[in-house]
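Participant: Okay, predicted coordinates and the sequence, questions at the end:
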Amino acid sequence: MTIVGNTIALLFVLSVLVVLHEFGHFAVAKAFGFPVEVFSVGFGKRLFGRKWRGTDYRVSAIPLGGYVRVIGLGPDESTLAEGTSKETHAVGKRWQRGLILVAGPLMNLLLALALHTAVFAIGVSVPAYELEPPVVKIVEARSPGADARFLPGDRIVSIDGKPTPRWRDVQFVFGMNAREKLKVEVERQGARTMLEVVPKPSTKYDLGYVGLLPDFGRSVRPRIAMVLSGSPAQAAGLKNGDVILSVAGKEIRGAPEEVFSTFVSAVGGAAPGPFPMVYLRSGKTFTTRVQPRRDPDGSWKVGVQVVPDLPEIVERFPIGQAFVEGWRRVESDFRMTLSVIGRLFRGKASMRSMSGPLDIAKFSGEAARTGAVPLVALMAAISLQLGIFNLVPIPVLDGGHLFLLGLEGLARRDFSLKVKERILQVGFLMILALITVVLYNDFAKNLPAKWWPF
């Protein structure tokens, strides 16, 4: 059911975001009087629809977004794929065609702003520490933070000259800048000093790790982040989100950095089992019996990944302030996305940081199961990235068409359809290569190693 749920969530998220993107193109084209031949929800064979005022509004067989076919913009990916380019010349003024192309990504950016505003107005649960001042409590041994000589008690004032008033800001910058040298201003015993640190890539998403932790207290419990399929934990009825209270009568709580080792130690001490495990789910306490499984290395496992269950608060604002916070989030994410894209093209960021359909499906499914607000927040983030990515000057993408328009403007003439189609074909090859790399990384991150023949 997880696979089915993730797939449904993926189709919903992509369809909404892509259809609204295409509606941006459609609305501006109609406003300028450009003929719009097709507005399709989905790709492939036409299932049903209605022709009205010269436009075929249709639902197509493959529910992965949609497309709009505007006569006068030149050949696009749909006409090239179908071999049905019916145009002879571009129509309208060049600046009008440019605005039509910009309208799709702009719609994604406006949607991201609207969705983030809604999230902040409705309220979303966030770990309480994220909103606190970034005062370092723990510097993990042999970490980039330790190498940079951070000390407990340091307050992080800014990173690369940008203020970081909350732990959320610090984590975001460190996470998005793996392998990049960062200048960090800290306040230490009333004086300010500058330190340099290079976040180390970590996790399968290549996020930057520095090893600086806030003061979480010592009453944190482990929460199940993932239950492995076919594991003893799944057989015992444990689910994602369960908070473990005790293992074989031993209470599991402590500082966040101790939670994992305490849990592993308790499971090993209770082996070979079976043993009782007490857990919290939706505010109610349950008990189950777990039969651990012995790995070839001799350790005992129950088949879960656990993370610290940190205290959360609801972040909510009046509608006016929610709009301001939404704008700040869009601005921050916009700058960071541009930075990541730039680092990818310069070879300073790993392609592992890019998410493909498997990742997006997993994130969408997890968000949908958590609630409507997390799903809306995820859609806002993806919408922003979709809008920015479409402005990259690669043929086939809106940015590629805009670049081509710019070249035509410099040449003071429109290129022939044959030239445009050749450029579009090159763009297809570039996008195909990118998709191949992203899919490879996507499968490598999400499929068990035993499924890989190499």
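Facilitator: Yep, that arrived. These numbers come from a predicted model, not from an experiment.

Participant: distance of residue 119 from residue 112?
Facilitator: Separation of residue 119 from residue 112 (C-beta to C-beta, to the nearest Å): 11 Å. Yep, even glycine has a C-beta here, placed from its N, CA and C like the rest.

Participant: any residues in contact with both of those two?
Facilitator: With contacts taken as C-beta atoms under 8 Å, 6 or more residues apart in numbering, the residues that reach both residue 119 and residue 112 are residue 380.

Participant: Now do the same contact list for residue 189.
Facilitator: Taking C-beta under 8 Å, 6+ apart as the contact definition, residue 189 lies against residue 153.

Participant: any idea of the pLDDT on it?
Facilitator: At residue 189, the predicted lDDT confidence score is 90.

Participant: do the one 3 residues further on as well
Facilitator: If you check residue 192, the pLDDT there is 93.

Participant: now swap in residue 235 and tell me
Facilitator: The predicted structure scores residue 235 at 89 on the pLDDT scale.

Participant: Now it. Nearest residue, chain neighbours left out?
Facilitator: Leaving out its chain neighbours, the residue that sits closest to residue 235 by C-beta to C-beta, 6 or more residues apart in numbering is residue 291, at 7.4 Å.

Participant: Measure how buried the one you found is and give me the count.
Facilitator: With neighbours defined by other C-beta atoms under 10 Å, the count for residue 291 comes to 14.

Participant: Quick check: it vs residue 301, distance?
Facilitator: For residue 291, the distance to residue 301 (C-beta to C-beta) stands at 11 Å.

Participant: Rounded mean pLDDT for the helix or strand containing residue 409, please.
Facilitator: Element membership of residue 409 [criterion: DSSP states H and E] is helix 398-411. For helix 398-411, the mean per-residue pLDDT is 81.

Participant: So for it, what gets flagged as buried?
Facilitator: Taking 16 or more other C-beta atoms under 10 Å as the neighbour-count basis, helix 398-411 is seen to contain the buried residues 398, 399, 400, 401, 402, 403, 404, 405, 408.

Participant: give the contact list for residue 116.
Facilitator: 325, 326, 329, 330, 377, 380.

Participant: Sitting in strands, which of those residues do you find?
Facilitator: Taking DSSP state E, every one of the contacts of residue 116 sits outside strands.

Participant: Make TSV out of these and add pLDDT, distance to residue 107 and neighbour count.
Facilitator: As requested, the contacts of residue 116 are exported to TSV (pLDDT from 0 to 100; distance: C-beta to C-beta, whole Å; neighbours: other C-beta atoms under 10 Å):
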residue	pLDDT	distance to residue 107	neighbour count
325	91	21	17
326	93	16	22
329	88	18	21
330	91	13	22
377	87	19	21
380	91	13	25
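
Participant: I'd like to know how far residue 98 sits from residue 32.
Facilitator: Distance, residue 98 to residue 32, using C-beta to C-beta: 11 Å.

Participant: Averaged pLDDT, whichever strand or helix holds residue 15. What do you get?
Facilitator: If you go by DSSP H and E, residue 15 is part of helix 2-31. Mean pLDDT, computed over helix 2-31, is 83.

Participant: what do you get for stretch 252-259?
Facilitator: What stretch 252-259 shows for mean pLDDT is 77.

Participant: For that stretch, buried residues please.
Facilitator: Going by neighbour count (16+ other C-beta under 10 Å), the buried part of stretch 252-259 is 252, 253, 254, 255, 256, 258, 259.

Participant: gap between it and the chain center?
Facilitator: Mean-position distance between stretch 252-259 and its chain equals 28 Å (C-alpha atoms, centre = their mean, to the nearest Å).

Participant: what residues does it touch?
Facilitator: Identification of contacts with stretch 252-259 by C-beta under 8 Å, 6+ apart yields 138, 140, 213, 216-222, 244-246, 262-263, 266, 306-308, 310.

Participant: For residue 397, the count of nearby residues, please.
Facilitator: Close neighbours of residue 397, defined as other C-beta under 10 Å, add up to 21.

Participant: If you count neighbours, what's buried in the helix holding residue 15?
Facilitator: Of the residues in helix 2-31, those with enough neighbours to count as buried (16+ other C-beta under 10 Å) are 6, 9-11, 13-15, 17-30.

Participant: could you give the angle of it to helix 398-411?
Facilitator: Counting by axes from the mean of the first three to the mean of the last three C-alpha atoms, to 10 degrees, helix 2-31 points 30 degrees away from the direction of helix 398-411.

Participant: that older thread, now the contacts of residue 116 in a markdown table, with distance to residue 295?
Facilitator: Conversion of these to a markdown table gives the following (distance: C-beta to C-beta, whole Å):
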| residue | distance to residue 295 |
| --- | --- |
| 325 | 46 |
| 326 | 47 |
| 329 | 42 |
| 330 | 45 |
| 377 | 37 |
| 380 | 41 |
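
Participant: Residue 221 reaches residue 242, doesn't it?
Facilitator: No - at 10.4 Å, residue 221 does not count as touching residue 242 under the criterion of C-beta atoms under 8 Å.

Participant: Can you show me the strands along the stretch 151-300 of the chain?
Facilitator: 155-159, 162-163, 182-188, 191-197, 200-202, 207-209, 212-213, 221-227, 243-247, 250-251, 275-281, 284-290, 293-294, 300-301 (DSSP state E, counting those that start in this stretch).

Participant: highest average neighbour count across these?
Facilitator: Burial of the strands of the stretch 151-300 of the chain is given as mean neighbour count (mean count of other C-beta atoms under 10 Å); strand 212-213 ranks first at a mean of 23.

Participant: What is that one packed up against?
Facilitator: For strand 212-213, the contact count by 3 or more C-beta pairs under 8 Å, 6 or more residues apart in numbering; DSSP states H and E identifies strand 138-139 as packing neighbours.

Participant: For the strand it packs on, which strands pair with it and how are they oriented?
Facilitator: Paired neighbours of strand 138-139 in the sheet (DSSP bridges): strand 212-213 (antiparallel).

Participant: got a list of contacts for the partner strand?
Facilitator: Taking C-beta under 8 Å, 6+ apart as the criterion, the residues outside strand 212-213 that touch it are 136, 137, 138, 139, 140, 143, 145, 150, 156, 170, 256, 257.
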